[in-house]
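Q: What follows is a predicted structure for the sequence shown.
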Amino acid sequence: MKKLLVLLVFFSYFSQAQILQQKERAAAIDMILVDRFNTLLPQLMDRTEFDMWILISREYNEDPVLKTMLPSTWLNARRRTILVFYRNKKKNTIEKLAVARYNVGKNIESAWDKEKQPDQWKALVDIISERNPDKIGINFSENFGIVDGIVKTDYEAFMKVLPAEYKPRVTSAEKLAIAWVETRTAQEMELYSELVKITHDIIAEAFSTSVVKPGTTTTDDVVWWLRQKVTDMGLKTWFHPTVDIQRSGETLQSHIVSFSDRPKDKVIRPGDLIHCDFGITYLRLNTDCQQHAYILRNNETSSPEFLDKAFADGNRVQDVFTGNFETGKTGNEILLKSLDQGRAEGLTPAIYTHPLGLFGHSSGPTIGMWDSQEGVSGTGDYPLYENTVYAIELNTTVSIPEWKKDIRIMLEEAGFWGPEGFRYVNQRQTKLITIPKR
């Protein structure tokens, strides 16, 4: 009942479009961690068949996964922090221990008495020996950087002190670590919907006459307005936003120019199709969104029909793509099937979708990259699981006779894959924004 009341308070803040104060944010983060540790983690350890998971980090050089487990008041690990999770499936228990001088918040209890055992590594070995686990996971991975968290020094020190009988039981915790990072709880999804709404609202303001003055405002002006707006709201961006222009009389640029080498100070003019790529970080979750707006000419009351049709093609690529989501299918399988279907419909799609959540470019199945449309080795071979979120990122190239050129409709929205199938976390853009809005 207490958790429900706390959630209701949080959601009442959201419904009033207010950002939580730091104290309320901390309470929300810690409440979510309790649920993730006590309910989610045992399920994930059973699914991946680990009965012990060990994470080792030192202050300011944290394992990225360990950092997601720290309480709200811990901004970094302290000294060398070692976390040990032990799952006894028969007894249906989960132990959350820290081989550290301190409790790690209220969830993870200190299990090291330095006065009795001065050597931290031997204290870790004692915990392992007492529980005699069958399968010990530590965070190293060839393909997934986020879950490759143990450093060479700590790995060598751990293996040196570990008794010989346990060494064959040590293996990569890649699947468990990815599952922890990618899986969203019901509580998190309630919050996620509001995060996406906040993101959409910021873009709506950026793509309005309060920010854009055609003939004067530059793309870089809008970029820095977005950065400042987020800062003023007490939030953060997880990447530097971008704003770009497509217009009649200018050649469609390559993907690499569109993504990284676009002009940064281009004046926005009537008749332009403008596009942004923007995301925020809040309550340890991340958003990633791309939307389009059209700058109306003096005699126009709506965007041109040919641009509306091009935008509809972009929505169709989204539908084709998300319609091919299937639990157990790899990112590469979903990618290739979607591209084939889109091309069969006469579209020119490119798909480069990534997992989204505790990190912007998170761990989970990579579903294409802009420069790897034939599939992605390693991360693209990972399967789709339920209760996961993705930045549905893609584009379609459309020929525009009226402009005598091709344009690229580039879209990105947060999407959730769960037991009931696919849904957008909080809607998607289905019509061009117009500036001014009419």
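A: Right, received. Where do you want to start? From a predicted model like this one, the values you see are computed outputs, not experimental measurements. Numbers count the residues shown, from 1 in each chain.
Q: Work out the gap between stretch 143-158 and the centre of the chain.
A: With Cα atoms, centre = their mean, to the nearest Å as the basis, stretch 143-158 stands 22 Å off its chain's centre.
Q: That should have said stretch 219-238, apologies.
A: Here the centre of stretch 219-238 is set off from its chain's centre by 19 Å, with Cα atoms, centre = their mean.
Q: quick one: contacts of it?
A: Residues from elsewhere that reach stretch 219-238 (Cβ atoms under 8 Å, 6 or more residues apart in numbering): 19, 198, 202, 205-206, 211-212, 240-245, 262-266, 268, 274, 276, 278-282, 286, 359-360. Backbone N, C-alpha and C define where each C-beta goes, glycine included.
Q: try 7 Å this time
A: 19, 202, 206, 211-212, 241-245, 264-266, 268, 278-282, 286, 360 (Cβ atoms under 7 Å, 6 or more residues apart in numbering).
Q: same check, this time on stretch 413-430
A: Contact with stretch 413-430 is made by 189, 192-193, 196-197, 287-289, 291, 315, 318, 322, 325, 356, 384, 386-392, as judged by Cβ under 7 Å, 6+ apart.
Q: Show me what whichever strand or helix holds Ala26 is packed against.
A: Using DSSP states H and E, Ala26 falls within helix 22-35. Counting by 3 or more Cβ pairs under 7 Å, 6 or more residues apart in numbering; DSSP states H and E, the packing neighbours recorded for helix 22-35 are helix 2-15, helix 186-206.
Q: what about 6 Å?
A: The contact analysis (3 or more Cβ pairs under 6 Å, 6 or more residues apart in numbering; DSSP states H and E) places helix 22-35 against helix 186-206.
Q: Give me the buried positions along the next helix or strand after the helix it packs on.
A: Using DSSP H and E, the helix or strand that follows helix 186-206 in sequence is helix 219-232. Across helix 219-232, burial judged by 16 or more other Cβ atoms under 10 Å covers Thr219, Asp221, Val222, Val223, Trp225, Leu226, Lys229, Val230.
Q: Tabulate these in TSV, adding columns for pLDDT and distance to Phe37.
A: Listed next are the buried residues of helix 219-232 as TSV, based on pLDDT from 0 to 100; distance: Cβ to Cβ, whole Å:
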residue	pLDDT	distance to Phe37
Thr219	97	44
Asp221	97	45
Val222	98	41
Val223	98	39
Trp225	98	39
Leu226	98	35
Lys229	98	34
Val230	97	30
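Q: so which of the residues you listed comes closest to Lys89?
A: When these are compared for distance to Lys89 (Cβ to Cβ), Val230 wins out at 43.8 Å.
Q: Return the distance of the closest one relative to His354.
A: Between Val230 and His354 the distance is 21 Å, computed by Cβ to Cβ, to the nearest Å.
Q: Many thanks, we can stop here.
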